[in-house]
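Enquirer: with the sequence up front, the predicted model follows.
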Amino acid sequence: MEQMQFSAIVLMTLLTLALVFLLPKWKSWDPIINKARRLMACGSALLALQFVLQYTLGLRAMGVTQAVLLNLVVFVPCSCLFTFALLYLQRHDRLSRKDWLPWVTAYLIILVMLTVGYLASGQPLLTDTPEMRWAEIVGCVVYFLVQLRSTYFCFRNMRQMRRALGEYYDRDLSEMLRWMKNSTLILATISVTAPIVIFMSGWILAIYGILFIASIFYLIFSFVCYAVSNNNELLKVAEKSAEESEEHEKAAPEMDEKDSQRIEKAVKQWIEAGGYLHNGITVQQAADNMHVPRYQLTAWLKTTEQEQFSHWLTRLRIEEAKRQMLAHPEWSNDTIAEYCGFGSRSYFQTVFRKQTGQTPSSFLENACVEKSDNIM
């Protein structure tokens, strides 16, 4: 256990230094990234402090109660900081009192319960007593509930972000949200398991410690990778576009039959001209090429089966890919992907299998078999 704690100290210290000194050189101009970075750095520094205290004081050797006491006092604000870093990125600095007030309240309740348990026991603070054990159990339940609440909001924000991306970009950009999704799952898992596992000892605690350290490393390292990419800027553009489109739709009168027919005609001409085969287009670019208002195109898309811009284009491209594979069976998947507007061969294969339930090669083989059966 001591070796694990020492390794955690070194790792958390290095991650903190990377967040404080290395990342600003790459992304110092983005205020939202900077706020999230500072929150992440404070969280990792608190974790390093927690492991330092555990290591130097030998709390685990003293007993479970002593170690749990430190975990509650230090790890709860650490978990809060990591959660707020995610929320800052998701909401672009739009946090309110209802976001931070539950955390402050929960932490105060935990401190009060620990104080009451200490006073009721009448023993030194680092003593294993029933009063302190019950105070820690109540504190763990409070932490679990507040973390669960924040996790719900994180997932709700991600659904909104995914919809904004789908209504703006020409392809599925769920990769941009994978880090946030995985990080939220990590925090949720910690909130569920930590209140239980920290009361344990032996090999179960050792395995959990390794997984915990690996999860925090993934959380911070992935944040650094996310920060140096343009994902945050792309998300802001997509969400701003979605908000503007909603405002236009509310202000404009509902589309009548004449407007709907005009949009359908423009869409048909755009499809016939192969506009959907260009990679990297946005709903604004498509609307400009069709010579129709963007909000009207967005409103028309909501009447289709796919509803969202990216889903609609994906269906068009998959159908085109099927036609080209049948017409040119000698073409490679790279050629098909490039011709049909997919960003890469791997993305094309993933989307094709998701849409059709089979790989491109399986589709072509089955088509050839069906053709042979029809000839016979």
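Expert: Received, thanks.

Enquirer: what's the longest helix in this protein?
Expert: The single longest helix within the chain, with elements called by DSSP state H, is helix 130-166.

Enquirer: elements contacting it?
Expert: Judged by 3 or more C-beta pairs under 8 Å, 6 or more residues apart in numbering; DSSP states H and E, helix 130-166 is in contact with helix 64-70, helix 76-91, helix 97-121, helix 175-197, helix 231-251, helix 309-327. Every C-beta, even on glycine, is put in place using the N, C-alpha and C of the backbone.

Enquirer: can you give me the buried ones in it?
Expert: Judged by neighbour count using 16 or more other C-beta atoms under 10 Å, the buried positions of helix 130-166 are 131-133, 135-136, 138-140, 142-144, 146-147, 149-151, 153-154, 157-158, 161-162, 164-166.

Enquirer: okay, the angle between that helix and helix 175-197?
Expert: 170 degrees (axes from the mean of the first three to the mean of the last three C-alpha atoms, to 10 degrees).

Enquirer: what distance do you get for the closest residue in space to residue 111 that isn't next to it in sequence to residue 298?
Expert: Once flanking residues are discounted, residue 111 sits nearest to residue 73: 7.5 Å by C-beta to C-beta, 6 or more residues apart in numbering. Look at residue 73 and residue 298: by C-beta to C-beta, to the nearest Å, they are 50 Å apart.

Enquirer: pick the most deeply packed of the helices and strands packed on helix 130-166.
Expert: The highest mean neighbour count among the helices and strands packed on helix 130-166, using mean count of other C-beta atoms under 10 Å, belongs to helix 76-91: a mean of 23.

Enquirer: now do residue 368, the pLDDT please.
Expert: Looking at residue 368, its pLDDT stands at 68.

Enquirer: okay, now the unreliable bits of the chain?
Expert: Filtered on pLDDT under 70, the chain yields the residue ranges 1, 24-29, 59-64, 93, 171-176, 229-234, 239-255, 368-376.

Enquirer: report the central residue of it.
Expert: In the chain, the centroid-proximal residue (C-alpha atoms, centre = their mean) is residue 180; its distance is 2.0 Å.

Enquirer: could I get the contacting residues of that one?
Expert: Counting by C-beta atoms under 8 Å, 6 or more residues apart in numbering, residue 180 touches 86, 89-90, 154, 158, 161.

Enquirer: of these, which pair is most distant in space?
Expert: Largest separation among the contacts of residue 180 by C-beta to C-beta: 86 and 161, giving 11.4 Å.

Enquirer: give me phi/psi at residue 129?
Expert: phi -130, psi 160 (degrees, to the nearest 10).

Enquirer: any idea how many residues pack against it?
Expert: If you count neighbours by other C-beta atoms under 10 Å, residue 129 ends up with 16.

Enquirer: find the nearest non-adjacent residue to it, please.
Expert: Closest to residue 129 by C-beta to C-beta, 6+ apart is residue 121, at 4.0 Å.

Enquirer: separation between the one you found and residue 134?
Expert: 10 Å.

Enquirer: re earlier: neighbour count winner among residue 73 and residue 298?
Expert: Neighbour count, other C-beta under 10 Å: between residue 73 and residue 298, residue 298 has more, with 24 against 16.

Enquirer: enumerate every residue touching residue 82.
Expert: 39-40, 43, 183, 187, 219.

Enquirer: residue 338 sits in which helix or strand?
Expert: With the criterion set as DSSP states H and E, the secondary-structure element containing residue 338 is helix 333-339.

Enquirer: for residue 143, see how far away residue 104 is.
Expert: 13 Å.

Enquirer: do the same with residue 122
Expert: 26 Å.

Enquirer: now do residue 94
Expert: Applying C-beta to C-beta, the value for residue 94 to residue 143 is 25 Å.

Enquirer: and residue 324, by the same measure?
Expert: Using C-beta to C-beta, residue 324 is found at 55 Å from residue 143.

Enquirer: what sits against the closest residue to residue 133 other than its chain neighbours?
Expert: Nearest residue to residue 133 in three dimensions, chain neighbours excluded: residue 65, at 5.7 Å (C-beta to C-beta, 6+ apart). Neighbour list for residue 65: 127-129, 132-133, 136 [criterion: C-beta under 8 Å, 6+ apart].

Enquirer: ditto for residue 269
Expert: So residue 269 contacts residue 290 (C-beta under 8 Å, 6+ apart).

Enquirer: that one sits in which helix or strand?
Expert: Element membership of residue 269 [criterion: DSSP H and E] is helix 257-272.

Enquirer: next, the angle from that helix to helix 309-327.
Expert: Counting by the same axes, to 10 degrees, helix 257-272 lies at 40 degrees to helix 309-327.

Enquirer: alpha carbons of helix 257-272, as CSV, please.
Expert: Extracted C-alpha coordinates of helix 257-272, given in CSV (Å, rounded to 0.1, in the frame of the first residue of the first chain):
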residue,chain,number,x,y,z
GLU,A,257,-47.1,24.3,-47.8
LYS,A,258,-45.5,26.7,-50.3
ASP,A,259,-42.4,27.2,-48.2
SER,A,260,-42.1,23.5,-47.6
GLN,A,261,-42.3,22.7,-51.4
ARG,A,262,-39.7,25.4,-52.1
ILE,A,263,-37.3,23.9,-49.5
GLU,A,264,-37.9,20.4,-50.9
LYS,A,265,-37.2,21.6,-54.4
ALA,A,266,-34.0,23.3,-53.3
VAL,A,267,-32.9,20.2,-51.4
LYS,A,268,-33.6,17.9,-54.4
GLN,A,269,-31.5,20.1,-56.7
TRP,A,270,-28.7,20.2,-54.2
ILE,A,271,-28.7,16.4,-53.9
GLU,A,272,-28.8,16.0,-57.7
